[in-house]
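# Just to be clear, the model below is a prediction. Sequence and coordinates:
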Amino acid sequence: MTTELITGIRELTTQADDRARRHDAALVIEAGRILWIGPAARAPAAGLRTDVGGRALLPGWVDTHTHLVFAGDRAAEFEARMAGQAYAAGGINTTVAATRAATEEQLVATAARLRGEAAAQGTTFLETKTGYGLDLASETRSARAAASVADVVTFLGAHIVPPGIGRRDYLDLVTGSMLAAVAPHVQFIDAFCEVGAFDVEETREVLLAGRAAGLGLRVHGNQLGFSGGVRLAVELGAASVDHCNHLESADVDALAASDTVATLLPACDLSTRQPFPPARRLLDAGAHIALATNCNPGTSYTTSMPFCVATAVLQMGLTVEEAVWAATRGAARAVGREQGVDAVGSLRVGGRADLQVLDAPSVAHLAYRPGVPLTWGVWRQGVRVGRGSQPLPA
Ligand code: NIG
């Protein structure tokens, strides 16, 4: 069995026992897992030796909020928004129509292309959702398509009520035959709790049906206003409540006293011109946060976790270490994968070898050099998926 020694690591961030950055470290991979981590001077021999030339090594990004199963784009809507039009949930219908008209092969191809784009930027673990089919057949094939490209799949039948069906009938469909059809392909259920989508009681009904089917809970909450989604997510013990742009003190306190992760989506906030969530307040209060791309054609058409990390530092008041934690270990918590043999978002002996090397000596460069492609190499379960080039100058 081939072992690979990665050496020449100027700065190693493991996110395992602490957030410390170690210098002049080495790491050995075998059979997709990490066999050894320690000082370069004591590194064991291995069949394959990769010198990363003085670069920074850290866990691969964990992107826990994407909507990759769709067809079409909404560039015109985006341009109108940049010209002053407000974002509203109804734009989702444009993508629903295009998604219903696409074949399953086309949906898989688009999702796989975006997954590849994310991997090339250091993402080694990714969640994606249904939510642009919104009828029985289209949600079912969306769930299958999602499961073919993502590590974790979320059922978002409760994205909006699509045209041509009454609210009550649609809720019965989502919590009944649609849920039963997608259940074999998904691990979480989600609902968009917002004006123009679902209110708190409707969201509760959807989440409880998902829980009864054995699914974990997630909520799109407090994106466009004080929707009550955050408080409901905490009350029901959801793994994550995502967006969190509009928070009252009671929301912050509720999150801080809970295990529910507030997943923040900075690229979406820029693209919808929403105020950023109060990330600093959340952290200072003791809440858990994660960062994710929210890649989708409506509100956030990017797969770039480095962009989200840079924005969180430059615009949302996080330190570099806080942002990198939120995009790795903090994000792992948001999908229940922080601990155990299948943990992601951290590097530990015996754990998954999901890691990335930056074309930079330190993770600080992620925000210090915003917009510069800094992904030099990516290993997913020990297999290299990105290729580096020259050593960094000393
Ligand atoms: O997370 N907020 C709800 N759903 C997506 C956007 C959907 C869309 O506009 O297509 C989001 O931003």
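Now that the structure is in, tell me what you want to look at.
# Could you tell me which residues of the stretch 1-150 of the chain lie near the ligand?
67, 91-92, 95 (Cβ under 6 Å from any ligand atom). Heads up, the C-betas are built off the backbone N, CA and C, glycines and all.
# just these: which has the poorest pLDDT?
By pLDDT, residue 91 ranks lowest within those, coming in at 86.
# check contacts around that one.
Remark: with contacts taken as Cβ atoms under 8 Å, 6 or more residues apart in numbering, residue 91 is in contact with 74, 77, 298.
# residues near residue 211, how many?
Per other Cβ atoms under 10 Å, the neighbour tally for residue 211 reads 15.
# what's the answer for residue 75, then?
Residues near residue 75, counting by other Cβ under 10 Å: 10.
# Check it and give its pLDDT.
At residue 75, pLDDT is 96.
# before we move on, back to that, which one of the contacts of residue 91 sits in the busiest neighbourhood?
residue 298 (23 neighbours).
# Could you look up the SS state of that one?
coil (DSSP: H, G, I helix; E, B strand; the rest coil).
# Which of the residues of the stretch 1-150 of the chain next to the ligand sits closest to residue 124?
Distance to residue 124, by Cβ to Cβ, is smallest for residue 67 among those, at 19.4 Å.
# so who does the closest one touch?
128-129, 131-132, 156, 294-296.
# Could you find the closest non-adjacent residue to it?
Once flanking residues are discounted, residue 67 sits nearest to residue 296: 3.7 Å by Cβ to Cβ, 6 or more residues apart in numbering.
# what about the one you found, neighbour count?
What residue 296 shows, counting by other Cβ under 10 Å, is a neighbour count of 26.
# Looking at this protein, what residue ends up closest to the ligand?
residue 298 (2.6 Å; Cβ to the nearest ligand atom).
# Who are the contact partners of that residue?
Here residue 298 is in contact with 74, 77, 87, 91-92, 94-95 (Cβ under 8 Å, 6+ apart).
# For these, could you give me a markdown table that also reports secondary structure and distance to residue 1?
Converted to a markdown table, the contacts of residue 298 look like this (DSSP: H, G, I helix; E, B strand; the rest coil; distance: Cβ to Cβ, whole Å):
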| residue | secondary structure | distance to residue 1 |
| --- | --- | --- |
| 74 | coil | 48 |
| 77 | helix | 51 |
| 87 | coil | 51 |
| 91 | helix | 51 |
| 92 | helix | 48 |
| 94 | helix | 50 |
| 95 | helix | 45 |
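# can you list the residues of the stretch 151-300 of the chain near the ligand?
Residues of the stretch 151-300 of the chain lying near the ligand (Cβ under 6 Å from any ligand atom): 192, 220, 223, 268, 294, 296, 298-299.
# So which of those residues wins on neighbours?
Ranking those using other Cβ under 10 Å puts residue 220 first, with 32 neighbours.
# State the pLDDT value of the residue nearest to residue 360 when sequence neighbours are not counted.
Spatial nearest neighbour of residue 360, chain neighbours left out: residue 374 (5.2 Å); criterion: Cβ to Cβ, 6+ apart. pLDDT recorded at residue 374 is 98.
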